[in-house]
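[1] Dropping the sequence and predicted coords here.
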Amino acid sequence: MDHSLALPLLIGLIALALAFDFLNGLHDAANAIATVVATRLLSPVFAVLFAAAGNFAAYFFVGLHVAETVGKGIIQVDAVTPAVVFGALVGAMFWNVLTWIKGIPSSSSHALIGGLLGAGMMHGGFGVVESSGTIKTIAAIFVSPLLGFGIAMALMLVTSWLFKGTSPRQSNSIFKSLHLLSSAAYSISHGGNDAQKTMGIIAVLLYSTGYMPEGFHVPHWVVLSCYLAIALGTMSGGWKIIKTMGSKLTKLNHHSGFCASTAGSIVVFGASALGIPVSTTHAITGSVVGTGAARRASAVRWSVASRVIVAWFITIPASAIVGALFYLLTRAF
């Protein structure tokens, strides 16, 4: 490939990828801060700054297993072209903007995976799909919210038993501090998993265009720029989705907020360690619903929860279709 011709295109696609990362932070700000905003532990302004700091702090704590899965575990590396990357990013961004406008906490992660699958298959057929990474990513759609639900419910029951002899005032003070710590942990886990998806896209783009002759890896500057982009996006907030997550699904207090954030961070940190590009939206939504169900089934607004779940199931196919269409659009030029 003539690098002198490819460089402007490469720079434009990297900028587009970082724009997606920014939008990811904007769209998913609710994941990390909905509980602290709903319980008024932090004001919305301080909450987004707090979450943004956590997103960037993931740079120091989380490995790059997820970036490697997205970069070479969804679509065969040799099948990735600039047109495929363009289609994947635009498909994902389209779905993110649509669900953001509607206030639906869908998955930015799965929108990107869907866009990559749609554009990749349109380019090289079904044979370019890497089954191992794709299967574990799709399985996480079902497993992560169920794990979050179960862990959050268990934490609610165990902590309620442990603090049954404590005065309401004292226990509220304790859970207030624990809630803040658990929210920080979730912000770190969110940045550590979500920013890496964009890292994987940029890394495979560099590899496929001949700018990585030493073999596939994730350059340090890509890691830093992606963490910065998602942190800036989180600082911009996503207020409609925060409202859905923090108040429409179930009523939260510091006790349930701590249990939800803790359960969500356990799920996401575990997925990151296994290299699974899990949906942080699915993890925290399942956890929030689990805290409500631990009190009583009627504490959960199941009509809202069902609308969110429908969005989960259609995210990958919807963004895949858009990704495929935008890939075809590039073929016209």
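    That came through fine.

[2] going forward, measure contacts and count neighbours with C-alpha atoms only.
    Will do.

[3] Walking through the stretch 201-333 of the chain, point out its strands one by one.
    Ranges of strands within the stretch 201-333 of the chain: none, based on DSSP state E, counting those that start in this stretch.

[4] shaky segments in it?
    237-251, 296-305, 307-308, 333 (pLDDT under 70).

[5] rerun at 50
    Of all residues in the stretch 201-333 of the chain, those with pLDDT under 50 make up the ranges 245-247, 249.

[6] and if you look at the stretch 1-150 of the chain?
    1-5.

[7] Tell me which stretches of it form helices.
    3-38, 44-61, 65-72, 82-102, 108-124, 131-162 (DSSP state H, counting those that start in this stretch).

[8] Using CSV, write out every CA atom in the fifth one.
    These are the backbone C-alpha positions of helix 108-124, laid out as CSV (Å, rounded to 0.1, in the frame of the first residue of the first chain):
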residue,chain,number,x,y,z
SER,A,108,-22.3,1.0,22.9
SER,A,109,-20.1,-2.2,23.0
HIS,A,110,-22.6,-4.3,21.1
ALA,A,111,-23.3,-1.5,18.7
LEU,A,112,-19.6,-1.5,17.7
ILE,A,113,-19.5,-5.3,17.5
GLY,A,114,-22.6,-5.3,15.4
GLY,A,115,-21.2,-2.6,13.0
LEU,A,116,-18.0,-4.5,12.7
LEU,A,117,-19.8,-7.8,11.9
GLY,A,118,-22.1,-6.2,9.4
ALA,A,119,-19.4,-4.3,7.5
GLY,A,120,-17.0,-7.3,7.8
MET,A,121,-19.4,-9.8,6.4
MET,A,122,-20.5,-7.5,3.6
HIS,A,123,-16.8,-7.2,2.6
GLY,A,124,-15.8,-10.9,2.9
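
[9] now the angle from it to helix 82-102?
    Helix 108-124 and helix 82-102 meet at an angle of 150 degrees, taking axes from the mean of the first three to the mean of the last three Cα atoms, to 10 degrees as the criterion.

[10] Go ahead and confirm residue 111 touches residue 91.
    Yes. Using Cα atoms under 8 Å, residue 111 is in contact with residue 91, at 7.2 Å.

[11] how long is stretch 39-46 end to end?
    13 Å (Cα to Cα, to the nearest Å).

[12] Which residues does it contact?
    36-37, 176, 180, 252-254, 257 (Cα atoms under 8 Å, 6 or more residues apart in numbering).

[13] quick one on the thing from earlier: joint contacts of residue 111 and residue 91?
    319-320.

[14] thinking again about what came up before, tell me which of the helices of the stretch 1-150 of the chain is the most buried.
    The highest mean neighbour count among these, using mean count of other Cα atoms under 10 Å, belongs to helix 108-124: a mean of 28.

[15] can you tell which of the helices of the stretch 1-150 of the chain is closest to residue 191?
    Of all the helices of the stretch 1-150 of the chain, helix 44-61 sits nearest to residue 191, with 4.0 Å by Cα to Cα.

[16] With distance to residue 219 as new columns, can the helices of the stretch 1-150 of the chain be given to me in a markdown table?
    Shown next, in a markdown table, are those (distance: least, Cα to Cα, whole Å):
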| stretch | distance to residue 219 |
| --- | --- |
| helix 3-38 | 13 |
| helix 44-61 | 13 |
| helix 65-72 | 11 |
| helix 82-102 | 18 |
| helix 108-124 | 20 |
| helix 131-162 | 21 |
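
[17] right, and the ones you listed - which one's nearest residue 222?
    helix 3-38 (9.4 Å).

[18] For that closest one, name the packing helices and strands.
    helix 44-61, helix 82-102, helix 108-124, helix 168-208, helix 220-236, helix 239-243, helix 254-273, helix 280-295 (3 or more Cα pairs under 8 Å, 6 or more residues apart in numbering; DSSP states H and E).

[19] how close does the residue lying farthest from the centre of the chain get to residue 179?
    Residue farthest from the centre of the chain, counting by Cα atoms, centre = their mean, is residue 165 at 38.3 Å. Look at residue 165 and residue 179: by Cα to Cα, they are 20 Å apart.
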